[in-house]
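Participant: Provide a 3D model corresponding to the input given below.
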Amino acid sequence: MSADEDREAQVDSFIAIASQVFGAPINPEEAFFDMGGDSLQALEIAIQIKIASGIEVDTYQMVNAVSLGAFFRSIVAGELPATGDSNVK
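Facilitator: So this is what the prediction gives:
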């Protein structure tokens, strides 16, 4: 499997996690709150991603992203800072 395929598989696993938390398949091109998400679901997605991959998710960035799919692609590519590295105050 190529690096691109590995990253896409990881994004797909994060989409599956979000779908599980939402209780139904999600459209990864929709924003978190547009899907009816709430703070508890954001926290649960972040926890499940941490367990599955070791990646710490900044829930603030996740809920404010243009889409969950874009956010997941960014964290898999390492384009967003880890939770502890965020400069958001």
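Participant: My understanding was that Gln61 contacts Phe72; is that so?
Facilitator: No - between Gln61 and Phe72 there is no contact under C-beta atoms under 8 Å: 11.2 Å. C-beta here means a position set from N, CA and C on the backbone, and glycine is covered the same way.
Participant: Mind checking which of these two has more residues around it?
Facilitator: Between Gln61 and Phe72, counted using other C-beta atoms under 10 Å, Phe72 has the larger neighbour count: 26 against 16.
Participant: in which helix or strand would I find that one?
Facilitator: Element membership of Phe72, judged by DSSP states H and E, is helix 68-76.
Participant: Run through who's touching that helix.
Facilitator: If you take C-beta atoms under 8 Å, 6 or more residues apart in numbering as the criterion, helix 68-76 is touched by 7, 10-11, 14-15, 18, 26, 28-32, 35, 55, 57, 61-62, 65, 80.
Participant: What are the buried residues along it?
Facilitator: Neighbour-count burial for helix 68-76, counted by 16 or more other C-beta atoms under 10 Å, picks out 68-69, 71-73, 75-76.
Participant: Just give me the residue closest to the centre of this protein.
Facilitator: Computing the C-alpha centroid of the chain and ranking residues by C-alpha atoms, centre = their mean puts Phe72 first, at 4.3 Å.
Participant: same question for stretch 2-14, mean pLDDT?
Facilitator: Across stretch 2-14, the average pLDDT comes to 92.
Participant: In CSV, could you pull the C-alpha coordinates for that stretch?
Facilitator: Output of stretch 2-14 as CSV, limited to C-alpha atoms (Å, rounded to 0.1, in the frame of the first residue of the first chain):
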residue,chain,number,x,y,z
SER,A,2,1.4,3.4,-0.9
ALA,A,3,1.6,6.3,1.5
ASP,A,4,-1.3,8.0,-0.2
GLU,A,5,-3.4,4.9,0.1
ASP,A,6,-2.4,4.6,3.8
ARG,A,7,-3.5,8.2,4.5
GLU,A,8,-6.8,7.7,2.6
ALA,A,9,-7.4,4.5,4.6
GLN,A,10,-6.8,6.4,7.8
VAL,A,11,-9.2,9.2,6.7
ASP,A,12,-11.8,6.5,5.9
SER,A,13,-11.3,5.1,9.4
PHE,A,14,-11.9,8.5,11.0
